[in-house]
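Trainee: sequence? don't have it. structure:
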């Protein structure tokens with residue numbers, strides 16, 4: 001009887017999942033965020049790098065194979081590079097326009113006016129560009145078309161020098177950051193840069209985040225940040241965003257960065273495991289995800305966001321749906337907020353589209369699926385879970 005019930009539940013759930021094509025239709029029907037990303041890319045304000053997000057479009061390429069999404073992501077990158085200026089140490093970058101009096105749009109990662117801000121250049125622009133280059137490097141059919149390979153070579157070299165090399169040589173304090181989510185950005189960059197072009201420097205950013213950050217001013221590692229909590233069906237995880245602290249709890253919004261990195265590690269079989277993802281997923285489903293319009297502010301379930309029902313899950317937590325069909329189904333009905341000051345609608349759609357493509361075992365470029373033995377392995381793709 002249990003087996004029959006399990007079969008009925010999983011079959012019903014799978015039949016109710018929106019298809020990749022349906023997610024694509026939702027994505028393409030909204031153009032306001034495309035306009036905003038173009039504005040961000042054509043700004044010379046470093047603050048605006050904080051919100052510029054190439055993964056909105058690269059996710060859609062990976063889910064659908066539609067190369068126009070890659071075209072748009074590359075255009076955004078090249079626009080932003082064209083807005084950069086030569087700094088006194090010979091690297092290119094952007095200066096912060098604190099009051100937006102020189103054309104800036106957002107307040108970004110904060111910091112001192114008329115200076116470069118490491119957080120702004122890595123939180124949005126840097127980490128999503130690193131993954132974009134990794135995808136482009138694998139999209140051989142795309143690169144052989146027109147001038148795409150030449151543009152890739154020029155853009156990748158610019159990124160390597162003016163983001164990765166620049167901030168590393170300006171001091172490890174720019175990389176080994178005070179908060180877990182801030183260093184997670186660099187670990188994410190390091191992971192994908194090393195995958196493109198094996199380099200012990202890049203790899204170390206990823207490994208040190210996971211195992212030992214003592215090269216910087218702080219001590220600890222992400223593994224030791226994790227505290228197990230007892231939940232229905234097994235253990236979950238909670239953690240603090242302050243290195244070495246295991247009593248406080250990180251907020252759900254900033255924890256997107258750590259979740260994103262751990263998902264990548266598990267998805268590609270590199271340090272983080274499906275057991276880790278199962279615990280994170282259990283916490284999300286039982287503690288954080290209250291209902292379709294409400295979530296908790298902190299990972300431990302404290303402080304309901306009653307006055308602001310927007311779910312800030314698009315950059316990390318939503319990725320968990322690719323491992324759990326039941327969760328993917330629940331996430332379909334979550335509240336989407338298209339408020340003009342809250343531009344994560346299309347990022348959320350792109351993550352949901354990728355999740356479904358992953359569950360369908362069809363991620364582009366398709367050769368990726370056969371050359372990466374870890375993709376789709378582990379069978380954590382549960383059709384029903386607690």
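Mentor: Thanks, I have the structure now. Just so it is clear, the structure is predicted and the values come from calculations on it, not from any experiment. Residues are numbered from 1 along each chain as shown.
Trainee: so which residues of the stretch 1-150 of the chain form strands?
Mentor: 85-86, 92-93 (DSSP state E, counting those that start in this stretch).
Trainee: cool, and the stretch 201-350 of the chain?
Mentor: Under DSSP E, counting those that start in this stretch, the stretch 201-350 of the chain gives strands at 227-231, 234-238, 289-291, 294-295.
Trainee: just to revisit the earlier point, just name the most buried of the strands of the stretch 1-150 of the chain.
Mentor: strand 92-93 (a mean of 18; mean count of other Cβ atoms under 10 Å). C-beta: built from backbone N, CA, C; applies to glycine.
Trainee: which one of the strands of the stretch 1-150 of the chain lies nearest to residue 191?
Mentor: Smallest distance to residue 191 across these (Cβ to Cβ): 22.8 Å, for strand 92-93.
Trainee: can you list contacts of that closest one?
Mentor: Strand 92-93 has contacts (Cβ atoms under 8 Å, 6 or more residues apart in numbering) with 46, 81, 84, 85, 86, 87, 116, 121, 158, 162, 166.
Trainee: given it, what are its sheet partners and their directions?
Mentor: Here strand 92-93 is paired, per DSSP bridges, with strand 85-86 (antiparallel).
Trainee: narrow the contacts of strand 92-93 to those in helices?
Mentor: 81, 158, 166 (DSSP state H).
Trainee: might one say that the first one is in contact with residue 158?
Mentor: Yes - counting by Cβ atoms under 8 Å, residue 81 does reach residue 158; the two are 5.8 Å apart.
Trainee: which of the ones in helices among the contacts of strand 92-93 ranks first by neighbour count?
Mentor: Tallying neighbours with other Cβ atoms under 10 Å puts residue 166 at the head of the ones in helices among the contacts of strand 92-93, with 20 neighbours.
Trainee: wait, what's in contact with it?
Mentor: Taking Cβ under 8 Å, 6+ apart, we find residue 166 in contact with 89, 91, 93.
Trainee: turn the residues you listed into TSV, columns for distance to residue 245.
Mentor: Compiled in TSV, the contacts of residue 166 are given as follows (distance: Cβ to Cβ, whole Å):
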residue	distance to residue 245
89	34
91	34
93	32
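Trainee: tell me the one of these nearest residue 236?
Mentor: For these, the minimum distance to residue 236 (Cβ to Cβ) is 40.5 Å, reached by residue 93.
Trainee: for residue 176, see how far away that closest one is.
Mentor: Distance from residue 93 to residue 176, counting by Cβ to Cβ, to the nearest Å: 20 Å.
Trainee: and if you look at residue 217?
Mentor: 7 Å.
Trainee: likewise for residue 83?
Mentor: In terms of Cβ to Cβ, residue 83 sits 28 Å off from residue 176.
Trainee: comparing these two, which residue is more hemmed in?
Mentor: Legend: neighbour count by other Cβ under 10 Å for residue 83 and residue 176, higher for residue 176 (21 against 18).
Trainee: what sits against the nearest residue to that one once chain neighbours are set aside?
Mentor: Leaving aside its sequence neighbours, residue 176 sits nearest to residue 216 (Cβ to Cβ, 6 or more residues apart in numbering; 2.3 Å). Listed by Cβ under 8 Å, 6+ apart, the contact partners of residue 216 are 172, 173, 175, 176, 177.
Trainee: what do you get if the cut-off is 7 Å, keeping everything else the same?
Mentor: For residue 216, the contact set (Cβ atoms under 7 Å, 6 or more residues apart in numbering) comprises 172, 173, 176.
Trainee: next, it: phi, psi?
Mentor: phi -100, psi -160 (degrees, to the nearest 10).
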